[in-house]
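**Q** From the sequence below, what's the structure:
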Amino acid sequence: MIIQRFSHERGRVGADGTDSLHAFSSGAYYDPAWMGFGALRVLREVRAEPGAGLAVHRYANMDVFSYVLEGEMGFEGAAGSEFGEAAESGEVATGIVRAGELQWLGAGHGMRHRAFNPAGDAPLRFLQIWIQPDRLNARPAYALSPVPADADGFVLRASRDAAEGGLPVRQDLRLYSAALAPHADARRALDGGRCYWLQLVAGSARANGRDLAAGDALGFVAETGELALSAGAQGAQLLWLELPPPA
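**A** Numbering: from 1, shown residues only. Model (predicted):
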């Protein structure tokens, strides 16, 4: 089964200089038909004006990825109930995630986090992805994946405990980014015992006979054979998530 999620069908929530497009129910957006995709619980595209950002969130037992598409994302986080409390490392985590970089937050038993646009005159656009981990109450942790030195084709950015490269994630997941040149083709094998999510973030592509524009997505459940991708005239940038089957 192939599930298609068009960009224009996503839920939209705007507040305090931010605009979020939600593939699945989260926060102020609720649609009982879109409650997640197996271990993939949230996928939202966030745009933030200069100085604006998401309100402070408390995460627990969730692995959260932020993939910056445009601009720079500032962040603050701590393993206490407030930013002013020391994290387990003895410090409050702060920093900048730049376009093409991928941040991982393993919330574990609980942490606070804030994402915002630190720029004075430039927009910020990023994807935030929540993955349900396979364990509870682990120690909070975070890490950053830099922009790949060679971004052509599929690049592994995260995998279970980083055993296969990239950032760690506490789930049977492999997360890839990919950049395809104009009219380039790519193939990925499909295992009928897994689920897959393809998110097109820029450009256009044709995937298994379906035309996709930026923001469109496909979910694959119990599909075998292969993913057959052809980039459009402007090329294509995408994320590819290999997930465990639904419980």
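
**Q** can you list the weak-confidence ranges in this protein?
**A** 78-92, 151, 247 (pLDDT under 70).

**Q** 80 instead?
**A** Scanning the chain for pLDDT under 80 picks out 77-93, 149-152, 246-247.

**Q** show me where it has helices.
**A** Along the chain, counting by DSSP state H, no stretch forms helices.

**Q** Would you mind measuring from the residue nearest the centre of it to Val201?
**A** In the chain, the residue lying closest to the centroid (Cα atoms, centre = their mean) is Ile129, at 3.4 Å. Counting by Cβ to Cβ, to the nearest Å, the separation of Ile129 from Val201 is 11 Å. C-beta here means a position set from N, CA and C on the backbone, and glycine is covered the same way.

**Q** What residues sit buried inside the biggest strand by length in the chain?
**A** Assignment by DSSP state E gives strand 225-243 as the longest strand of the chain. Within strand 225-243, the residues scored as buried using 16 or more other Cβ atoms under 10 Å are 227, 229, 231-232, 235-243.

**Q** Now do the shared contacts for Ile129 and Val201.
**A** Counting by Cβ atoms under 8 Å, 6 or more residues apart in numbering, the residues touching both Ile129 and Val201 are Tyr67, Leu239.

**Q** List the contacts of the nearest residue to Ala207 once chain neighbours are set aside.
**A** Closest residue to Ala207 apart from its sequence neighbours, by Cβ to Cβ, 6 or more residues apart in numbering: Leu229 at 5.3 Å. Leu229 is in contact with Leu180, Asp185, Ala186, Arg187, Arg188, Ala205, Arg206, Ala207, Ala236, Leu238, counting by Cβ under 8 Å, 6+ apart.

**Q** coming back round to it: doesn't Glu45 make contact with the residue nearest to the centre of the chain?
**A** No - applying Cβ atoms under 8 Å as the test, Ile129 and Glu45 come out as separate, 10.3 Å apart.

**Q** before we move on, back to that, of the contacts of Leu229, keep whichever come out buried.
**A** In the contacts of Leu229, the ones that pass as buried (16+ other Cβ under 10 Å) are Leu180, Ala186, Arg188, Ala205, Ala207, Ala236, Leu238.

**Q** can you list those in JSON lines and add distance to Asp31?
**A** Formatted as JSON lines, those follow (distance: Cβ to Cβ, whole Å):
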{"residue": "Leu180", "distance to Asp31": "31"}
{"residue": "Ala186", "distance to Asp31": "31"}
{"residue": "Arg188", "distance to Asp31": "28"}
{"residue": "Ala205", "distance to Asp31": "25"}
{"residue": "Ala207", "distance to Asp31": "23"}
{"residue": "Ala236", "distance to Asp31": "27"}
{"residue": "Leu238", "distance to Asp31": "24"}
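
**Q** which one of these sits closest to Asn117?
**A** Leu238 (23.8 Å; Cβ to Cβ).

**Q** show me the contacts for the closest one.
**A** Going by Cβ under 8 Å, 6+ apart, Leu238 touches Ser177, Ala178, Leu180, Leu198, Gln199, Leu200, Val201, Ala205, Leu229.
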